[in-house]
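[1] sequence and predicted structure below; questions after.
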Amino acid sequence: MLIEKQKSGVAGLPWAHFRLRPFPQIAIRVIQLANREDVPLHKLSGLISSEPAFSSEVLTIANSPLFAPRIPAVSILQAVARLGTRNIQGLCLTVAVRAYLGESLGLPAMRALWRHNLACAVIAERISNSASTDKDIAFTAGVMHDIGRLALAAIRPREYSILLSSHRGPADSILDGERELFGVDHCEAGLRLIADWRLPASFEPIVAEHHAPRLPDQRWTMATQVSLACRMADAAGFAAFAGCAAAPFPGLLEELPLRDRDLFPADAERLALEVSAKIDSVESA
């Protein structure tokens, strides 16, 4: 009944009519700046340091087991120099996503969404060793892939939480429920955000195609890599919604080249422990 009531008031509205909470602009500016060729490290670190609360959290997570630095960084400039401009994008985006969800993280469905994004990022980074893609970009792509869900959560956090908590079916089956509730699904919302925030077009297939499985002869791209990471996260218990019917983990492993399957444990339970340890390090930071 609640969803039906919201459908009449929200679904079908033009995108411009949705009143979205502003996403932390510093994270967007970091992503834009870090994608430029030969950006000076001092300029990037200066931007991050311009907001003390944000930079403090960035530095804390940079020194956490998520990024496993050999030597802790004592300044943002050191963190940028050691992690690299690509990796710093994912770090700042992680901090921004947590801040954006804010108090709604108290809702179990919203916390599951947050953990799904981080799990996808951690797994995508590991897959990059097989896919021969940039592991730092892979982490950022993993955090970015479900950015459209943040928009839906910001529009109607409790109502969206109800949908996430009650829906049952494959991961992509929730798209229909999102369209009924909002008039757009989270993939379409993600594309809108990329355009609105003037982010690189390379993010577009990542947010639009992460529910499309990789075909046997399809070449590895960042989008296919994130798609596999997303499905592995589901199989390891980090689904974006509780009733997600995840694909069997052994079948997902078979999508990797035979020589690279030892990058992952043979069972989803072991992967879940490894990923959970990294997520916990961020949540406790």
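    Noted; the coordinates are in hand.
[2] surely V184 is within a helix?
    No: under DSSP: H, G, I helix; E, B strand; the rest coil, V184 sits outside any helix and is assigned coil.
[3] please begin residue numbering at 54 from this point
    Let's use 54 as the start, then, which means that last one is V237.
[4] right, and it touches R245 too?
    Yes: because the distance of 7.4 Å satisfies CB atoms under 8 Å, V237 is recorded as touching R245. All C-beta spots, glycine's among them, are computed from the backbone N, C-alpha and C.
[5] between these two, which one's more packed in?
    When V237 and R245 are compared for neighbours, V237 comes out ahead with 24 against 18, by other CB atoms under 10 Å.
[6] any idea how far that one is from A261?
    V237 sits 12 Å away from A261 when distances are taken as CB to CB, to the nearest Å.
[7] for A293, same thing?
    The separation that A293 has from A261, given CB to CB, amounts to 16 Å.
[8] which of those two has more residues huddled nearby?
    A293 (24 against 17).
[9] what residue, apart from its backbone neighbours, is nearest the more buried one spatially?
    Excluding the flanking residues, the one nearest A293 by CB to CB, 6 or more residues apart in numbering is H169, at 4.3 Å.
[10] which parts of the helix or strand hosting that neighbour are buried?
    In the assignment (DSSP states H and E), H169 maps to helix 161-184. Of the residues in helix 161-184, 162-163, 165-181, 183-184 count as buried by neighbour count, 16 or more other CB atoms under 10 Å.
[11] what mean pLDDT does it have?
    Across helix 161-184, the average pLDDT comes to 88.
[12] can you check stretch 205-223 too?
    For stretch 205-223, the mean confidence score works out to 90.
[13] tell me which helix or strand the residue nearest to L119 when sequence neighbours are not counted sits in.
    Computed as CB to CB, 6+ apart, the closest residue to L119 that is not its neighbour in sequence is K331, at 4.9 Å. Element membership for K331 (DSSP H and E) is helix 321-336.
[14] for that helix, buried residues please.
    Under the neighbour-count criterion of 16+ other CB under 10 Å, helix 321-336 has 321, 324-325, 328-329, 331-332, 334-335 buried.
[15] in a strand, R272, correct?
    No: residue state for R272 (three-state DSSP) corresponds to coil; a strand is not indicated.
[16] which residues does the residue nearest the centre of the chain contact?
    Nearest residue to the geometric centre of the chain (CA atoms, centre = their mean): V196, 2.1 Å. Applying CB atoms under 8 Å, 6 or more residues apart in numbering to V196 gives the contacts 143, 146-147, 150, 170-171, 173-174.
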